[in-house]
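Participant: How does the following fold in three dimensions:
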Amino acid sequence: MHDKQLSTEELIAQDVGARTPVGLMAQVIAGLALLWSLFQLWIASPLPFIFGFGVLNDTQTRAIHLAFALLLAFLAYPAFKRSPRDRVPLLDIALGLVAAASAAYLFIFYQQLALRPGSLTTGDLVTACIGIPLLLEATRRALGPPLAIIALVFLIYSLAGPYMPGLLAHRGVSFNALANHQWITTEGVFGIALGVSTSFVFLFVLFGALLERAGAGHYFIQLAFSLLGHFRGGPAKAAVLASGLTGMISGSSIANVVTTGTFTIPMMKRTGFSSEKAGAVEVASSVNGQIMPPVMGAAAFLMVEYIGMSYVEIIKHAFLPAAISYIALLYIVHLESLKLGLQPIGGHQPKPWLRRLTGFAFGAALISGLSLAVYYGLGWLKPVLGEYALPVIGVLLALVYLALLKVAASVPVLPPEDPNAPLEELPQTRAVLLSGLHFLLPVVVLVWCLMVERLSPGLSAFWGSVMLIVILLTQRPLLSWMRRDGSHEHGTFIDGVVDLREGLIAGARNMIGIGIATAAAGVIVGAVSQTGVGLVLADLVELLSMGNLLLMLVLVAVFSLILGMGLPTTANYIVVSSLLAPVVVALGQQNGLIVPLIAVHLFVFYFGIMADVTPPVGLASFAAAAVSKGDPIKTGLVAFFYSLRTAALPFLFIFNTDLLLIDVDFWHGVIIFIVATIAMLIFAAGTQGFFLVRSRLYESALLLLVAFTLFRPGFWMDMLHDPYQEVPPAELAQALDGVEDGSSLRLRVLGENAVGDPREFTVLLPVPDGASGQERLEKLGLNLYEEGDKMLVDSVTFGSMAADAGLEFDQQILSVRAPTDRWMKELMWIPGFLLFGLIVLLQRRRQVAQTA
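Facilitator: Residues are numbered from 1 along each chain as shown. This next block holds a predicted model:
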C-alpha cells in the first residue's frame, strides 16, 4: 500500500486542482476563480436588491454556480495521471466550455423552460445528454471514481428497473423522463444539494479561505501549542485543539489533515509518538472537525433544507455530542501519553490544578461578561438608535478592531511555522493570545448574525466575509504603523490587496470539488425520488436485520460507512441521508422506536464521515500517512480505534435523545453535559485499556458498563419499572383524561405503506390540554369508531396533531400505552458512580504499589 502514498504537496494539489499551468492559462484559471467568488459575494449580499440589478432566482444562481464549477474542474484537474500538469490541453478547454454551457442552459433559457414544464424539446434532451456525462467525468477528475460510479449505477438503475431481480425491480423510467428529471428540473442535479452549495456552503468555504489567508490558521495552531504544549503529549493535545478550531470552518477533513498536520504530526513524532499514532491523532481530530458546529462540513446547511429545522436548532442539537467527542479525544491522547511515559516539553511542569482552574474560571467569566455586555448593550442600542443603529454599530466594531490591532502591535510577532524547529521552548500563551484577537472579530460577527440576528447562514457568512475583507486590506499597513519598535515590517495596503485576491481565488478553488460533489450527489437524490429505491433499501435492511432494532442500526451504520467511502463530507451526507435516513425512521416506527429526524440524520452523518478514517479507503488516513511517512493502513486502524467514541455516540443519542438536548431545559442540559462527558471519558479509558494504571480485562469491561449506565440510565430503569401501562384501544379517551398535558401516548397502529401493503408501526400522540379526555381527542383532530372488537380511525382533521403524528382514515389502533408515574431514570447514575468508585479504588491501590 505504500506505493499509493502521495506527497503532502500532491495531496493539497489534489484537493484544490492538481494542474498548475503557467502563462496565460494560469491567469485564466485564477481570473475565473476570482470571478466566481465575486459572483457568490454579489448574490449573497443585499446589493442586487438595493441597485435593482442582478437579482436572480434559485434556479438561475444554481446554473451559474455549476457552470463555474464544471469549467474550473476541467481546467484545474487533469484527466489522467500522465496528463500534463503545466498546460491545459485543447480538449479539456473544449470539454470545460461545453460542460459550462450545458449547466448555463437553465440560466439562459430559464423563461422558456418555466413556460413549458415537463415538455422536453430536442434542445433540452441534447443538453441533458451532454451535461450528465460531462458532470460524471468532472466528478471522476475532481473527486476520484467512487462518487461517479455510484451516480452512474443509480442512472442505470433508473432505466433498467423492469429488468431488475425481484426486490430491486421497479416500473422503470423512460430516457426522456430521466433527462428531464435529472437535468432540466430542480429534482436532480440542480436540486436542494446544489442549492445549498450555492447559497451557503460557498460563502463559508470562502470565509475559511480568507481567514486562513489573514493568518488565523497559524494563530490557532500557535495558540493551541501555547495552551496545551506544557502537558504530557502536549503537541498531540495541541493538534486536537488546532484541528478542532480549523475543522469548525473547514469543509474537508482531508484539507484539515494536510494543513494542520504538516505542522503538528512532526511535532508529535518528536515527543515520542510513532508515525502511525501521530497520524491517527491528526486524522481523528480532523475528521471530528466535520461534526463540529457551525459548519459541520456543510452538512448543517443541508440539514436545514432536508429536515425543515432552523439552523440555530440544528447547531443546538449537534453541539453536545461534538464537544463531548473532542474532550474524549483529548483524554485519549492523555492516556496514550501516560502509556508511552511521555514527559512535558523541556521538563516544564504545568501549573498546579488550582491555578489552572482559577485561570480558566476567570477567562470563562470574562468572556461571558463581555458577551452579555455586548448582547444587552446592542439590544438596548438598536431600539434607541433606530435607522442609525447599523452605522453606529459599524463604527463601534471599527473602534474595537483598531484597539485589538494596537494590542497585537504591542506583543512580538508569531514565529513562522517550522515543524523542524527545536521543541525546547513553547510560545507564551498571553503573547500568542494578544497577537491575533482581531481574527476573532469576523467569527463574532458571523455567530452574532446567525444566533442573535437570526439572519440566513448565507447572509451571515457574507457579513463575516466583509469583516474579513476589511481585515485583509487594512491589518498590514495598520500594524506596520502601530508597531513603534520597528522590529517587524508587516507590509503595505498593496500586500493586503494581494492577500485578498489570493484568498478569493483559494476559496473558489476549494469549492470546485464541493460544487461538483453536490451536483453529482443530486443525481443520486433524483434517482431515489424517481424510482422509490428508498423503500427497496428499507425492505432489504428489514430482511437482513430480521426485525432486530439494534441489528438494523448496525446494518445502517455499515451501509453508511460503505456509501461514504471515497466521498467528500458534503456528498457523503447527501448520499447517506437520502438513502438511509428514511430507512431508520420507517423501521424504527415499526419496532416501536420513535426517533426524531435530527437524531436519524446525525446518526447516518456520523457514520458517513467515519469512512474518511476507516481502511482500506480512509482518505484522511492516507493523507496523514503521507505527512507522517507511516503505514496508511496501520494509521487508519489506530485512527478508527481512537474514533470508537464517535461511533458509539450515534447509537446512544438514538436511544437517549437527551444527548441532543431535545425537549431539555437549561439546567437539565448542563447536568447531561457533565455526566455525558464523564461517561465518555470512562468509555475512552475502557477502550484504551488504561485508566490510573493499565486496566485488567474485567476492569475495562466494568468501565464500559459504567459508561453505558451513565449514558443510558433509562435502559436499567425500564427493567425495574415499565414507563408505560397498557390501555385497551377502546379506552383511548379515558387514557387521555388520566395523563398530564404535554406528555405523549404511544399508539401501535396497523395501516398501509406507500404501495398498499399492510404494516404495523408506532406513533407518538401528544396530549393537548383539555377538561376531559373527549375534549382532548377533539383537539387532536381524531375521530374513532368501533367495529366489533376493533378500534378504527374514522377521520383525521387536516393539519391536526393527529395528522402530523401519521394517523389516517381506516387505520386500526392495535394498542395504547399511557405513561406511568415512576422514579427518575437518572437515579441509575448512583449505582453507576458507586461501581466507578470501586474501580478507582482497585486501580489506586495498584498505582500506589507501583510507585512505592
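Participant: what is the rounded mean pLDDT of the helix or strand where Ala255 lies?
Facilitator: Using DSSP states H and E, Ala255 maps to helix 253-271. Helix 253-271 shows a mean pLDDT of 79.
Participant: so how far is that helix off the chain centroid?
Facilitator: On the basis of CA atoms, centre = their mean, to the nearest Å, helix 253-271 sits 21 Å off its chain's mean C-alpha point.
Participant: Using the record's assignment, carve this protein into domains.
Facilitator: Structural domains annotated on the chain: 666-723+822-852, 726-821, as defined by automatic domain parsing.
Participant: Adding mean pLDDT, distance to Val304 and mean neighbour count, write those out as CSV.
Facilitator: Backbone N, C-alpha and C define where each C-beta goes, glycine included. Output for the domains of the chain, formatted as CSV (pLDDT from 0 to 100; distance: least, CB to CB, whole Å; neighbours: other CB atoms under 10 Å):
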stretch, mean pLDDT, distance to Val304, mean neighbour count
domain 666-723+822-852, 88, 22, 17
domain 726-821, 83, 20, 16
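Participant: would you list those domains in a markdown table and tack on distance to Ala373?
Facilitator: Conversion of the domains of the chain to a markdown table gives the following (distance: least, CB to CB, whole Å):
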| stretch | distance to Ala373 |
| --- | --- |
| domain 666-723+822-852 | 21 |
| domain 726-821 | 36 |
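Participant: Out of the ones you listed, which is closest to Thr614?
Facilitator: With respect to Thr614, and counting by CB to CB, the nearest of those is domain 666-723+822-852 at 16.1 Å.
Participant: hmm, back to that, give the rounded mean pLDDT of the helix or strand that the helix holding Ala255 is followed by.
Facilitator: Counting by DSSP H and E, the next helix or strand C-terminal to helix 253-271 is helix 275-288. The average pLDDT for helix 275-288 rounds to 87.
Participant: Now do helix 275-288: which elements does it pack against?
Facilitator: Packing partners of helix 275-288 (3 or more CB pairs under 8 Å, 6 or more residues apart in numbering; DSSP states H and E): helix 234-247, helix 253-271, helix 311-340, helix 619-628, helix 632-642, helix 644-655.
Participant: before we move on, back to that, quick one, which of the domains of the chain gets closest to Leu115.
Facilitator: Proximity to Leu115 (CB to CB) singles out domain 726-821 among the domains of the chain, at 32.3 Å.
Participant: And that closest one, how far out from the chain middle?
Facilitator: 36 Å.
Participant: ditto for stretch 69-80
Facilitator: Taking mean C-alpha positions (CA atoms, centre = their mean), stretch 69-80 and its chain are 27 Å apart.
Participant: Also stretch 449-467?
Facilitator: Stretch 449-467 sits 18 Å away from the centroid of its parent chain (CA atoms, centre = their mean).
Participant: Buried residues of it, list them for me.
Facilitator: By neighbour count with 16 or more other CB atoms under 10 Å, stretch 449-467 contains the buried residues 449-451, 455-465, 467.
Participant: Do you have the strands of this protein handy? List them.
Facilitator: All strands of the chain, identified by DSSP state E, fall at 724-727, 744-752, 758-766, 782-787, 790-796, 812-819.
Participant: Neighbouring strands - and their directions - for the third one?
Facilitator: For strand 758-766, the pairing partners within the sheet under DSSP bridges are strand 744-752 (antiparallel).
Participant: cool, the fourth one as well?
Facilitator: Paired neighbours of strand 782-787 in the sheet (DSSP bridges): strand 790-796 (antiparallel).
Participant: So for the longest helix anywhere in the chain, mean pLDDT?
Facilitator: Determined from DSSP state H, the single longest helix within the chain is helix 493-531. For helix 493-531, mean pLDDT rounds to 90.
Participant: In it, which residues are buried?
Facilitator: Neighbour-count burial for helix 493-531, counted by 16+ other CB under 10 Å, picks out 495-496, 499-528, 530-531.
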